[in-house]
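Student: 3D, please:
(2 chains)
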Amino acid sequence: MVNITIKDLSFNYNSSMILNDLDLVIDDSQVLGLVGPNGSGKTTLIKCIDRILKPKGSILLDGADIQTMNRTEMAKHLGYVPQSSSTSLATTVFDTVLMGRRPHMSWRVSDADIDKVANVLELLKLEELAMRDFDQLSGGQKQKVMIARALCQEPSVLLLDEPTSSLDMKHQLEVMEMITALVKEKKISAVMALHDLNLAAMFVDKLAILKGGKIYAAGEPADLLNSKNIREVYGVEAIVMDDLDRPYIIPLRSLNEGIA
Amino acid sequence: MSTFKRTDLREEYQRFLNKKLLFFLVLIIGTIFLACISVSQGSAGLSIKEVCMAILARFLPDYFTSTRFADNIVWSLRLNRILMGIVAGMGLSIAGATMQGILKNPLASEFTLGMDSAACLGASLAIVLGAGFAGGEYLIIGNAFVFTLIASFTVYGLARYKGITPETLILAGIAITYLFSAMTTFLQYMGRVEELHDVVFWMMGSLDGATWERIGLITAILVLCLPYLVIKSWDINAIGAGDETAKSLGVDVERTRVTSMMLASLITASIICFTGTIGFVGLVGPHITRMVIGGDHRFLLPGSALTGAAILLGADTLARTVLAPVILPVGVMTSFLGVPFFIYLFMRRRRAFW
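Tutor: Numbering: from 1, shown residues only, chains lettered A, B, ... in the order given. You can find the predicted model right below:
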């Protein structure tokens, strides 16, 4: 269980500012959803937290600055699931997931490592696919395998970059249900960039809305998802229903004025 | 309930390992077999008995005797050539596997990264203009070696300047290849007929210059470089899953890539400066290995070494014997032999290997 404190985080790509003095606290054992329009910095923030990008400012993992941490040490705390699954080499599902043991294992693969992989595959119901080629899997299966790889790192925080972006409705729900269940079962936290506000409203404990590289608002989804915020952040006219036990958003039209 | 059991996965993994080890064993036996054939073949017309005596006489002079002639043929012409083929094939193939792995590009090889053309330019400068970094017998060798490293640094520098991605590295390599080839062509155009002949002969590649010192030098470089690459195998594997994934798994991607590139360049330079450019082995040795045992670099790197050794030794043996006493350029033979075999494997493969 860890707590991540982000302070004054800035990142520019070439000359354009992507993150701008951003502050955020990520508590343990919760699912945090990062939402916001394209280019608002969701993906960049996730990559900065995992030091895939080098930002200015500080990111403290239980008080320790990740900028000065050993990479392998970091990999034992933070697991990252990329948005797209690019592998240049043909590998089996087993090999792909085994890769997640890299921060923990030596050159030789021990029985204990194989058992860890087996556990995770079982947990995510991927055991039947263990010896299949990764490239032959469907989008939903690939997404699960990449989550499995990150879980094999035994991280305390799972960072996911739009885990549902290329999935159909059923698989979106499946993956989200799986992640929320994992957070409860393993007592870890998950930080995920999301596009679908309805999905976010259903599954996340806390929401952080990004706009122009800053946190526009953070809190419970029910408090943040309203017509005013959606208009100001997305430039979209929307109705927010609350007759379910969570907000439900029906977008009406895009507004051309007042969009940054 | 699924029938999945933990022990199944362990057994499955062990089967995977056994298959890889079997492949190694087959290659080692095959290479020894090839070496035996190769040492007994040649235009000197030695009998197999004479060859055996010549070999044994050096190890057990009290029990076996050999003629001076047979000793000379076997120890100064054949065995050194065979060992050169083995170490050069190993080195080129390891370098190729490394470059393909860390650049995540199936086209990466000493050829596409500009090293071959640089070595040719260095050798041409020495042959045509007599200009070089070292004098005497090391003029051509020194030039080829230094130019190969220069090409590698230049390509890396260019790619780094514009943000290093595997694509920019290959692009820079191809660009450098064109430039250096044009310069070599210019030198050939300006050179005299004998010089032109020497340049072309050098570019064809051959194992003629196989001396024991050179074999020792290449072996020493391999012994120094290979352990690092094999130890870093997991990191190279992780890079194959994408730079971002590799970083998140704790890999220092930039450092691994630079160090591995430098070692692969060093291995390549130390070989092609003696042999001239021998195409194909560095590109296809790793691919053949990958098709058979998969992409785990812990096994791919040593496996590629064995495949490369077998290819180059086999090709050179044929090159020496097909039209004996004429010795064909080994580079021609590697392609004649290797390409059909590669295409055969490629056509009948059951699964993607890249």
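Student: burial measure for B:A182, as a count.
Tutor: B:A182 has 12 neighbouring residues, counting by other Cβ atoms under 10 Å in any protein chain shown. Any C-beta I mention is one placed from the backbone N, CA and C, and that applies to glycine too.
Student: okay, buried residues for the host helix or strand of it please.
Tutor: Counting by DSSP states H and E, the element that carries B:A182 is helix B:166-190. Within helix B:166-190, the residues that count as buried by 16 or more other Cβ atoms under 10 Å in any protein chain shown are B:166, B:168-174, B:176-177, B:179-181, B:183-184, B:187-188.
Student: so A:T5 is in which element?
Tutor: Short version, using DSSP H and E: A:T5 is in strand A:4-13.
Student: what's that strand packed up against?
Tutor: Counting contacts by 3 or more Cβ pairs under 8 Å, 6 or more residues apart in numbering or on different chains; DSSP states H and E, strand A:4-13 packs against strand A:16-26, helix A:42-49, strand A:56-61.
Student: what parts of chain B come near chain A?
Tutor: B:2, B:4, B:6, B:9-10, B:12-13, B:101, B:104-105, B:231, B:233-235, B:237-238, B:240-242, B:244-245, B:247-252, B:290, B:294-296, B:298, B:351-354 (Cβ under 8 Å from any Cβ of the partner chain).
Student: so which of these belong to helices?
Tutor: With helices identified by DSSP state H, the entries of the residues of chain B next to chain A that belong to them are B:6, B:9-10, B:12-13, B:101, B:231, B:233-235, B:237-238, B:240, B:244-245, B:247-248, B:290, B:298.
Student: sorry, back to before: so what does the helix holding B:A182 touch, helix or strand wise?
Tutor: Packing partners of helix B:166-190 (3+ Cβ pairs under 8 Å, 6+ apart): helix B:79-103, helix B:115-124, helix B:138-161, helix B:193-204.
Student: quick one: closest of those to A:M192.
Tutor: A:M192 sits nearest to helix B:79-103 of all these, at 30.3 Å, using Cβ to Cβ.
Student: report the mean per-residue pLDDT for the closest one.
Tutor: For helix B:79-103, mean pLDDT rounds to 94.
Student: and that helix with helix B:166-190, angle?
Tutor: For helix B:79-103 against helix B:166-190, the angle by axes from the mean of the first three to the mean of the last three Cα atoms, to 10 degrees is 140 degrees.
Student: show me how far helix B:79-103 is from its chain's centre.
Tutor: With Cα atoms, centre = their mean, to the nearest Å as the basis, helix B:79-103 stands 3 Å off its chain's centre.
Student: which residues are in contact with A:D65?
Tutor: By Cβ atoms under 8 Å, 6 or more residues apart in numbering or on different chains, the residues touching A:D65 are A:58-59.
Student: mind listing the strands for chain A?
Tutor: A:4-13, A:16-26, A:31-35, A:56-61, A:64-65, A:78-81, A:157-161, A:189-193, A:206-211, A:214-219, A:236-241, A:248-254 (DSSP state E).
Student: helices and strands around the second one, which ones?
Tutor: It stands for strand A:16-26. Judged by 3+ Cβ pairs under 8 Å, 6+ apart, the packing partners of strand A:16-26 are strand A:4-13, helix A:42-49, strand A:214-219.
Student: nearest to B:D62, out of these?
Tutor: Ranking the helices and strands packed on strand A:16-26 by proximity to B:D62 (Cβ to Cβ) places helix A:42-49 first, at 70.7 Å.
Student: for that closest one, packing partners?
Tutor: Taking 3+ Cβ pairs under 8 Å, 6+ apart as the contact cut, helix A:42-49 packs with strand A:4-13, strand A:16-26, strand A:31-35, strand A:157-161, strand A:189-193.
Student: want to throw these into JSON lines with mean neighbour count and mean pLDDT?
Tutor: Converted to JSON lines, the helices and strands packed on helix A:42-49 look like this (neighbours: other Cβ atoms under 10 Å in any protein chain shown; pLDDT from 0 to 100):
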{"stretch": "strand A:4-13", "mean neighbour count": "17", "mean pLDDT": "91"}
{"stretch": "strand A:16-26", "mean neighbour count": "17", "mean pLDDT": "89"}
{"stretch": "strand A:31-35", "mean neighbour count": "25", "mean pLDDT": "95"}
{"stretch": "strand A:157-161", "mean neighbour count": "25", "mean pLDDT": "94"}
{"stretch": "strand A:189-193", "mean neighbour count": "26", "mean pLDDT": "94"}
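Student: please consider this matter closed, and thank you.
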